[in-house]
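> Here is my input, please return the structure:
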Amino acid sequence: MHIISVLKIALISTITMTAFSYLVTLLVKKNLIEPYWLNVVLFKSKMAFRPLGWVLHYFTGIGFLYLQLFILKLLSEGFLINGFIIGVLEGFLGILMWHILFKICFKPKELKLSWYYLNLLGAHLVFCYTALYCINTLF
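Residues are numbered from 1 along each chain as shown. Sure, this is the predicted structure:
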């Protein structure tokens with residue numbers, strides 16, 4: 001796949017993933033937005049729109065998309081099954097990455113990990129299904 005297509009798909013998928021987190025945040029009234037927490041943990045900033053957290057989140061999305069493209073070569077199931085398998089795998093990888101980040105840096109007291117990790121799993125499913133849709137239909 002051409003690098004421009006990868007960058008576009010990663011951007012679209014990361015945006016939909018983050019939109020999912022915004023929606024869940026509104027529903028459960030707990031901040032579960034990944035770029036916000038990246039800013040808090042890595043840069044000690046509680047500014048919602050600090051660009052560093054957003055840029056890091058997008059670049060992480062590029063890595064997750066490349067992982068998805070690799071795993072897709074190993075699977076021969078349909079859209080729903082592939083999306084679920086990859087989404088769960090990437091969701092658990094994302095949870096592991098955050099867990100390590102919290103151990104290395106710090107875990108904010110106000111962040112409830114059970115809600116956050118559950119949201120990460122759902123958000124990665126959204127990311128994977130969005131990427132699959134883009135791969136299959138747009139690019």
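> Secondary structure element holding the most centrally placed residue in the chain?
When C-alpha atoms, centre = their mean is applied to the chain, the residue found nearest the centroid is residue 124 (5.0 Å). In the assignment (DSSP states H and E), residue 124 maps to helix 113-133.
> Which residues does that helix contact?
9-10, 12-14, 16-18, 20-21, 24, 28, 30, 32, 34, 37, 61, 64-65, 68, 72, 79, 82-84, 86-88, 90-92, 94-95, 98, 102, 107 (C-beta atoms under 8 Å, 6 or more residues apart in numbering). From N, CA and C alone the C-beta is placed, and that goes for glycine too.
> Now restrict those residues to buried residues only.
9-10, 12-14, 16-18, 20-21, 24, 32, 34, 37, 61, 64-65, 68, 72, 82-83, 86-87, 90-91, 94-95, 98, 102, 107 (16 or more other C-beta atoms under 10 Å).
> By mean pLDDT, point me to the weakest helix or strand of the chain.
Lowest by mean pLDDT, DSSP states H and E among the helices and strands of the chain is helix 34-43, with a mean of 93.
> Can I get the helix or strand just after that one in PDB, CA atoms only?
Per DSSP H and E, the first helix or strand lying C-terminal to helix 34-43 is helix 51-74. The C-alpha coordinates for helix 51-74 follow below in PDB (Å, rounded to 0.1, in the frame of the first residue of the first chain):
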ATOM      1  CA  PRO A  51      -0.800  19.500  19.800                       C
ATOM      2  CA  LEU A  52       1.900  17.100  21.100                       C
ATOM      3  CA  GLY A  53      -0.600  14.600  22.500                       C
ATOM      4  CA  TRP A  54      -2.600  14.600  19.300                       C
ATOM      5  CA  VAL A  55       0.500  14.200  17.100                       C
ATOM      6  CA  LEU A  56       1.800  11.300  19.200                       C
ATOM      7  CA  HIS A  57      -1.700   9.700  19.100                       C
ATOM      8  CA  TYR A  58      -1.700  10.000  15.300                       C
ATOM      9  CA  PHE A  59       1.800   8.600  14.900                       C
ATOM     10  CA  THR A  60       0.800   5.700  17.100                       C
ATOM     11  CA  GLY A  61      -2.200   5.200  14.800                       C
ATOM     12  CA  ILE A  62       0.200   4.800  11.900                       C
ATOM     13  CA  GLY A  63       2.000   2.000  13.800                       C
ATOM     14  CA  PHE A  64      -1.200   0.300  14.600                       C
ATOM     15  CA  LEU A  65      -2.300   0.500  11.000                       C
ATOM     16  CA  TYR A  66       0.900  -1.200   9.800                       C
ATOM     17  CA  LEU A  67       0.300  -3.900  12.400                       C
ATOM     18  CA  GLN A  68      -3.200  -4.300  11.100                       C
ATOM     19  CA  LEU A  69      -2.000  -4.600   7.500                       C
ATOM     20  CA  PHE A  70       0.500  -7.300   8.600                       C
ATOM     21  CA  ILE A  71      -2.100  -9.300  10.500                       C
ATOM     22  CA  LEU A  72      -4.500  -9.000   7.600                       C
ATOM     23  CA  LYS A  73      -2.000 -11.000   5.500                       C
ATOM     24  CA  LEU A  74      -2.400 -13.900   8.000                       C
END
